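# I need the structure of the sequence given here:
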Amino acid sequence: MSKYYCLIAGLPNISIDDQKLAYTVSGFKDEVYEQLSCSDKKLFDIYFLKYDNDNLLQFLKDKDQKLDERGNIAPEEFELIVKSLHDGDSLPKGFSAPYFLDFMLWKNTEKSIETQSILERDYLEALYYNYALTSSNKFLTSWYEFNMNLKNILIASLGRKYSFDSQNFIVGENTVAQALRTSAARDWGLSGEFGYMEQIQRIAEETEVTEKERKIDQLKWSWLEENTFFDYFTIEKVFAYLLKLEIIERWYMLNREQGEKTLRDMIARLKSEVQVPEEL
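Numbers count the residues shown, from 1 in each chain. Okay, here's the model as predicted:
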């Protein structure tokens, strides 16, 4: 197991309430990526696939739109990759997002156009989570499973509150996802199974949108602190630092007014897709 004594010792201290950026997410990758072992680089690659996911959806919608350069796949390579996926050609050996092929097969053959417009982002995200959960790094798989559970519980809570069927929005096949799809209990029978259940339910009850998002990020930050408490100079500590930077960067880029607009746009999109009552 690689140790990163000098790298971690040299990192500035950061707090969730920081008003300035020690690094941007992309700047941090540029700074540390070449210092990582080959196996640890793969953990970073999995994280940055989230931008490739967004780029794929964006490219399929409008190939002339500018793509996010933080992804693993260079924007100039995207057209060739998508053409290969459409044509059923073999993807490059070691391609960083092999689940893209599964997504394109589903998109082109399994779902109607009407259903795609609602579910394709969720389906791609489910494939991404499943891929991340195949990692041999326990910390990374725990992080992605925690995020999957968190999102699923919040969506299921929203479904109950506004009486819409949230099943199509629950991703994954773990015990939490299965319970959310089938249980009628107030806590879906998960309080004894998932340690963060009560905290997430309290967050779900928050009505102020920006405050709700803030509490979600505070919970994620706490999870990272708890799960790296005994890690000192490991890749887990480096990866957690990256994830914390993402949280700080997101709030740095959004002042309260901009944040409200962005988040309400997200809620409006969800409402239009699932026909949630207007009082949301």
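# Asp165 versus the residue nearest to Leu224 when sequence neighbours are not counted, what's the distance?
Closest residue in space to Leu224, ignoring its immediate chain neighbours: Ala240 at 4.6 Å, by C-beta to C-beta, 6 or more residues apart in numbering. C-beta: built from backbone N, CA, C; applies to glycine. From Ala240 across to Asp165, the span is 36 Å (C-beta to C-beta, to the nearest Å).
# still on that earlier bit, shouldn't the residue nearest to Leu224 be in contact with Phe229?
No. Ala240 is beyond contact range of Phe229, at 10.3 Å (criterion: C-beta atoms under 8 Å).
# higher neighbour count, those two?
Neighbours were counted for Ala240 and for Phe229 using other C-beta atoms under 10 Å; Ala240 has more, 20 against 8.
# now name the helix or strand holding that one.
helix 235-253 (DSSP states H and E).
# packing partners of that helix?
helix 5-9, helix 25-32, helix 38-61, helix 138-162, helix 209-227 (3 or more C-beta pairs under 8 Å, 6 or more residues apart in numbering; DSSP states H and E).
# dump these to JSON lines, plus mean neighbour count.
Below are the helices and strands packed on helix 235-253 laid out as JSON lines (neighbours: other C-beta atoms under 10 Å):
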{"stretch": "helix 5-9", "mean neighbour count": "12"}
{"stretch": "helix 25-32", "mean neighbour count": "17"}
{"stretch": "helix 38-61", "mean neighbour count": "18"}
{"stretch": "helix 138-162", "mean neighbour count": "19"}
{"stretch": "helix 209-227", "mean neighbour count": "16"}
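# correct me, but Cys156 touches Leu180?
Just to correct that, residue 156 is Ala rather than Cys. Yes. Using C-beta under 8 Å, Ala156 is in contact with Leu180, at 4.4 Å.
# list residues touching both of these two?
166, 170, 188 (C-beta atoms under 8 Å, 6 or more residues apart in numbering).
# just the buried residues out of the residues you listed, in PyMOL syntax.
Buried residues among those (16 or more other C-beta atoms under 10 Å), as a PyMOL selection:
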select buried, resi 166+170+188
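# how close does the nearest residue in space to Arg160 that is not next to it in sequence sit to Gln218?
Nearest non-adjacent residue to Arg160, counting by C-beta to C-beta, 6+ apart: Ser166, 7.8 Å away. Separation of Ser166 from Gln218 (C-beta to C-beta) stands at 24 Å.
# what pLDDT does the residue lying closest to Leu91 once chain neighbours are set aside get?
What sits nearest to Leu91 in space, not counting adjacent residues and going by C-beta to C-beta, 6+ apart, is Ser84, at 6.0 Å. Listed pLDDT for Ser84 reads 84.
# and for Ser84, the neighbour number?
Look at Ser84: counted by other C-beta under 10 Å, it has 17 neighbours.
# now the helix or strand hosting it, how far from the centre of its chain.
Assessed by DSSP H and E, Ser84 sits inside helix 75-87. The chain centre lies 23 Å from the centre of helix 75-87; the measure is C-alpha atoms, centre = their mean, to the nearest Å.
# so this protein: which segments form each domain?
Domains of the chain are assigned by automatic domain parsing as 37-132, 137-280.
# any stretches of the stretch 1-150 of the chain with poor pLDDT?
110-118 (pLDDT under 70).
# change it to 50
112-118 (pLDDT under 50).
# Leu124: what secondary structure?
Secondary structure for Leu124, judged by DSSP: H, G, I helix; E, B strand; the rest coil, is helix.
# before we move on, what SS does Asp64 have?
Strictly by three-state DSSP, Asp64 counts as coil.
# would you mind measuring from it to Glu79?
For Asp64, the distance to Glu79 - C-beta to C-beta - is 11 Å.
# which one of these two has more residues nearby?
Using other C-beta under 10 Å as the criterion, Asp64 and Glu79 rank with Glu79 on top: 11 against 5.
# gap between the more buried one and Lys20?
38 Å.
# show the contacting residues for Asp231.
Neighbour list for Asp231: 139, 237, 240 [criterion: C-beta under 8 Å, 6+ apart].
# at 7 Å instead, please
Lys237 (C-beta atoms under 7 Å, 6 or more residues apart in numbering).
# any figure for the gap between it and Met104?
Distance of Asp231 to Met104, given as C-beta to C-beta: 38 Å.
# leaving out chain neighbours, which residue sits closest to Ala204?
Once flanking residues are discounted, Ala204 sits nearest to Ser157: 3.6 Å by C-beta to C-beta, 6+ apart.
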